[in-house]
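# what follows is a predicted protein model with its sequence.
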Amino acid sequence: MSESTHDIEIEIRNPEGLHMRPAMLFVDLANTFDSDITVSNGETKVDGKSIMQMTMLAATCGTKLRVQAKGADARRALAALGELAERNFSPQPVEAGMRQKESG
Amino acid sequence: MEIRKGIAVSPGIAIAKPMVIDSRDYRIPRRSIMASQRAAEVVRVRKAFAHAIQELDGLESSKRIEESKIRDIFAVHMRFLRDKAFLKRITDFIHKEMVTAEYAVSTILREIASHFAGIDDPYISERAADIYDIEKRLLKHLLGRMEDNVEHLRDEVVILARDLTPTQTAGFNKTFVKGFATEKGGRTSHTAIVARSLGIPAVVALGDMSSEVPPDCTVIVDGNRGVVVIDPDEDTLKQYNQYAQQVTRFVSELNVLRELPAQTRDGVKIEIFGNIEFPDEAAMVLEKGGDGIGLYRTEFLYLYGGTEPTEDDHYRAYAETIRTLKDKPVVIRTMDLGADKMPHADWHPNEANPALGLRSIRYCLQDLPMFKTQLRAILRASVLGDVRVMFPLITNLQELRQAKMILRDVMEDLDEYAVPYSPKMKVGIMIETPSSALTAGLLAQESDFFSIGTNDLIQYTLAVDRANEHVTTLYSPAEPAVLRLVRGVVQDAHKARIGLSICGEVASDPEYIMLLLGMGVRTLSMAAPMIPEIKKLIRSVTIEECGDIARKVATLDSSRQIKNVLRDAVTRILPETY
């Protein structure tokens, strides 16, 4: 079966925490994958493709989140999301499917 | 005629007919539906979402939205409207509770908003306002009400409302909306930010506008003084029309000035810095033509949070300011509390003489964990731009050495954890006590720069509390004792070849500018709104004239004589200032 579940841990390291802008980037990126993506902060588990739920996580700086992906492109999704967290949610200049534009 | 006072959040004067936006909250009564109607209500919700997305798309792409902060607000709203889980929560509610679309929207959005509002993090709790905004937008489509629609205006109006949502404000057509006034809101609310970036005069926090506003009356919104006049009498209206013209003239004149250097007629360049307290004031310093931040007061971090600020609280505020300034200098003054400013009652013991008590750097040197927290944040932020740190209320070399030693300790801590910082960050001190002024020559050997804080220096030199009405007339920067100290500090700084600036109120008092330049001061730091006027004055004088004034003043023996000389000089040069 190609349906497989994988998970990684990411740490929120930008000082403002996972506020609107980073949450927006995360959700935008998650939505480019087919896999189901869930994010948990301790007991709370939310849909990683939902801006509403992601913001309600209230992940402040230093929070460790578990990201789980289930589906054909689960590994790729986690690699991409992990990389986004790794570069502290700074927007990447060119990324297909992302309409995020950095203002000068 | 009714005159109301609020907070001025966006400058300018607007005089027009009022447009009162229904200030009533939408309150949606619970109405049950039959099971068979559920599908239809779900369709209505989906349609409302689709319309709202369409509407936002239109607003987002309109040329008016140039400000990145506004674009961010729209982007967030858009993502919520496209969020499947969000939509599902509403439609699930309809299915389960068998209620109307509008009741479901209102209930769910208010649930989410109150959840956000309850989170102990300003970045998230502020989002509650966005959720209410989305609620209003969806309800507008569901209820088919057009009453809030200011997009179909044909006449010039000023908007009066209880509160405005950021997207309402951004959707205003600037051709017709000349200003706005709201009962609620604050200086840093989204609405204020949007108003400033759109350049619409605005006054907020006016309190309950109890009396009904007659629809045909005139309303004046004075975004400079934070005043709203409803139905003004003839005289007031005439005065305001003149004032509005004056302001327009002045603004265009100052806009020209912004681009010009603060340079005397004989070509000596003067640096003008801004004094700020909040990070969002930094943009105004640049807008007014400032060359950097000469005094960043950090006390607000301690005063408004309720609890002691964390290292990240500090860092966030500093990073925001430094990013705004890019490579221009930012002088961060370490915590200067005590005396007249106290965060809470148990801060430190009651003192008979707080101005001479445990305050400012003295307090920091006794509470090292707190001091180190701030220094760590400043050092971390030092890699983001031209950051300098300044210690207040230094009275002798010992204190300076102690503060610098603690700074070095913190640097070593950061080294240990490989946290980057700028090891060459400049370290300066405020000269605001007679003892530091008299030993400036010694202090200069171990400081990278001085900033003379004239307010405290005057108080300590003259032994006068300016806030005490019985002695307040004795307080004057023109006292020969004060001027001798200032002159000495300037000379000592020059001898040691270190930076020197003035950051007290005299730095923005037109009467004292020529004297200060004549004494050799080349850097002034002041509140942002004063920058254009002072720049204009600087551009009208020569250093030679200023030197003459300074020499003349040095021969005079009373503050009254000195004041007269200073006033005469500035009146001769810029008659319109007085």
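Thanks, I have the structure now.
# every contact and neighbour count from this point should use C-alpha atoms.
OK.
# from B:Met405, how far out is B:Thr439?
Separation of B:Thr439 from B:Met405 (C-alpha to C-alpha, to the nearest Å): 20 Å.
# can you show me the strands along the stretch 101-250 of chain B?
Applying DSSP state E, counting those that start in this stretch to the stretch 101-250 of chain B gives strands spanning B:157-161, B:177-182, B:202-204, B:219-222, B:227-230.
# show me which residues of chain B sit near chain A.
Neighbours of chain A within chain B, by C-alpha under 8 Å from any C-alpha of the partner chain: B:68, B:72, B:76, B:79-80, B:83-86, B:115-116, B:119, B:121, B:123-124, B:312, B:315-316.
# among these, name the ones in helices.
Of those, the ones assigned to helices by DSSP state H are B:68, B:72, B:76, B:79-80, B:84-86, B:115-116, B:123-124, B:312, B:315-316.
# with respect to B:Val331, which of the residues you listed is nearest?
Nearest to B:Val331 among these: B:Tyr315, at 14.3 Å, using C-alpha to C-alpha.
# contact partners for that closest one?
B:Tyr315 is in contact with A:15, B:377-378, B:380-381, counting by C-alpha atoms under 8 Å, 6 or more residues apart in numbering or on different chains.
# local confidence estimate at it?
On the pLDDT scale, B:Tyr315 is placed at 95.
# over to B:Glu60?
68.
# again with B:Met430
Confidence score, pLDDT, at B:Met430: 98.
# where does it sit: helix, strand or coil?
strand (DSSP: H, G, I helix; E, B strand; the rest coil).
# touching, it and B:Val389? I think so.
No. The pair B:Met430 / B:Val389 is not scored as a contact, 10.4 Å apart, by C-alpha atoms under 8 Å.
# could you give the bridge partners of the residue nearest to B:Ile200 when sequence neighbours are not counted?
Nearest residue to B:Ile200, sequence neighbours excluded (C-alpha to C-alpha, 6 or more residues apart in numbering or on different chains): B:Gly179, at 5.3 Å. Beta-bridge partners recorded for B:Gly179 (DSSP bridges): B:Val158.
# burial measure for the nearest residue to B:Leu574 once chain neighbours are set aside, as a count.
Closest residue to B:Leu574 apart from its sequence neighbours, by C-alpha to C-alpha, 6+ apart: B:Leu537 at 7.1 Å. B:Leu537 has 21 neighbours, counted by other C-alpha atoms under 10 Å in any protein chain shown.
# neighbours of B:Val105, how many?
Neighbour count for B:Val105, taken as other C-alpha under 10 Å: 25.
# shaky segments in chain A?
A:1-3, A:91-104 (pLDDT under 70).
# just the strands in it please.
A:4-11, A:36-41, A:44-47, A:64-71 (DSSP state E).
# before we move on, what SS does B:Ala283 have?
Under three-state DSSP, B:Ala283 comes out as helix.
# surely it meets B:Thr324?
Yes. Taking contacts as C-alpha under 8 Å, B:Ala283 lies within contact range of B:Thr324: 6.3 Å.
# out of those two, which sits in the busier spot?
When B:Ala283 and B:Thr324 are compared on other C-alpha under 10 Å, the one with more neighbours turns out to be B:Thr324, at 19 against 14.
# state the pLDDT value of the more buried one.
95.
# so who does it touch?
B:Thr324 neighbours (C-alpha under 8 Å, 6+ apart): B:282-283.
# name the element it belongs to?
Using DSSP states H and E, B:Thr324 maps to helix B:311-325.
# immediately after that helix, which helix or strand?
strand B:329-333.
# check which residues of the next helix-or-strand element following that following strand are buried.
Remark: after strand B:329-333, the chain's next helix or strand is helix B:360-366, criterion DSSP H and E. Residues of helix B:360-366 classed as buried by neighbour count (16 or more other C-alpha atoms under 10 Å in any protein chain shown): B:360-365.
# for helix B:360-366, C-alpha coordinates in CSV please.
In CSV, the C-alpha atoms belonging to helix B:360-366 read as follows (Å, rounded to 0.1, in the frame of the first residue of the first chain):
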residue,chain,number,x,y,z
SER,B,360,17.0,53.6,36.2
ILE,B,361,20.6,52.1,35.9
ARG,B,362,20.8,51.9,39.7
TYR,B,363,17.8,49.6,39.7
CYS,B,364,19.2,47.5,36.8
LEU,B,365,22.5,47.1,38.6
GLN,B,366,20.7,45.6,41.6
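# which helices and strands does it pack with?
On a contact count with 3 or more C-alpha pairs under 8 Å, 6 or more residues apart in numbering or on different chains; DSSP states H and E, helix B:360-366 meets helix B:368-381.
# which other helices and strands contact the helix it packs on?
helix B:311-325, helix B:360-366, helix B:397-416.
# tabulate those helices (CSV), appending distance to B:Ala128.
Below are the helices and strands packed on helix B:368-381 laid out as CSV (distance: least, C-alpha to C-alpha, whole Å):
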stretch, distance to B:Ala128
helix B:311-325, 21
helix B:360-366, 37
helix B:397-416, 37
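# now whichever residue of chain B sits closest to chain A: closest residue in space, sequence neighbours ignored.
When scored by C-alpha to the nearest C-alpha, chain B has B:Asp83 as its residue closest to chain A, at 5.4 Å. Leaving aside its chain neighbours, B:Asp83 sits nearest to A:Ser50 (5.4 Å; criterion: C-alpha to C-alpha, 6+ apart).
# what sits against the one you found?
A:27, B:80, B:83-86.
# and stretch B:128-135, what's its mean pLDDT?
84.
# just the CA coordinates of it, formatted as CSV?
Extracted in CSV, the C-alpha atoms of stretch B:128-135 (Å, rounded to 0.1, in the frame of the first residue of the first chain):
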residue,chain,number,x,y,z
ALA,B,128,-10.5,38.3,17.2
ALA,B,129,-11.0,41.6,15.4
ASP,B,130,-10.4,39.9,12.1
ILE,B,131,-12.9,37.2,12.9
TYR,B,132,-15.6,39.8,13.7
ASP,B,133,-14.8,41.5,10.4
ILE,B,134,-15.3,38.2,8.5
GLU,B,135,-18.5,37.7,10.4
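# ok now that stretch, how far from the chain's centre?
Its chain's average C-alpha position is 25 Å from that of stretch B:128-135, according to C-alpha atoms, centre = their mean, to the nearest Å.
# could you check how far B:Lys372 is from B:Met411?
For B:Lys372, the distance to B:Met411 - C-alpha to C-alpha - is 10 Å.
# I'd like the average pLDDT over the strand or helix carrying B:Thr571.
If you go by DSSP H and E, B:Thr571 is part of helix B:559-573. Summarised as a single mean, pLDDT over helix B:559-573 is 93.
# give the buried residues for it.
For helix B:559-573, by 16+ other C-alpha under 10 Å, it's B:559, B:562-563, B:565-566, B:569-570.
# contacts for it?
Residues outside helix B:559-573 that contact it (C-alpha under 8 Å, 6+ apart) are B:476, B:478-480, B:510-512, B:514-515, B:540-541, B:549, B:553, B:556, B:577-578.
# nearest to B:Ala52 among these?
Minimum distance to B:Ala52 across the contacts of helix B:559-573 is 51.6 Å, recorded for B:Thr577 (C-alpha to C-alpha).
# residue of chain A closest to chain B, please.
Taking C-alpha to the nearest C-alpha, chain A has A:Ser50 as its residue nearest chain B, at 5.4 Å.
# now do the helices in the stretch 101-250 of chain B.
For the stretch 101-250 of chain B, the helices defined by DSSP state H, counting those that start in this stretch occupy B:101-117, B:122-125, B:127-143, B:166-170, B:190-198, B:234-259.
# pairing partners for the closest residue to A:Asp7 other than its chain neighbours in the sheet, please.
Once flanking residues are discounted, A:Asp7 sits nearest to A:Gln68: 4.2 Å by C-alpha to C-alpha, 6+ apart. Here A:Gln68 sits in beta bridges with A:Asp7, A:Thr38, as judged by DSSP bridges.
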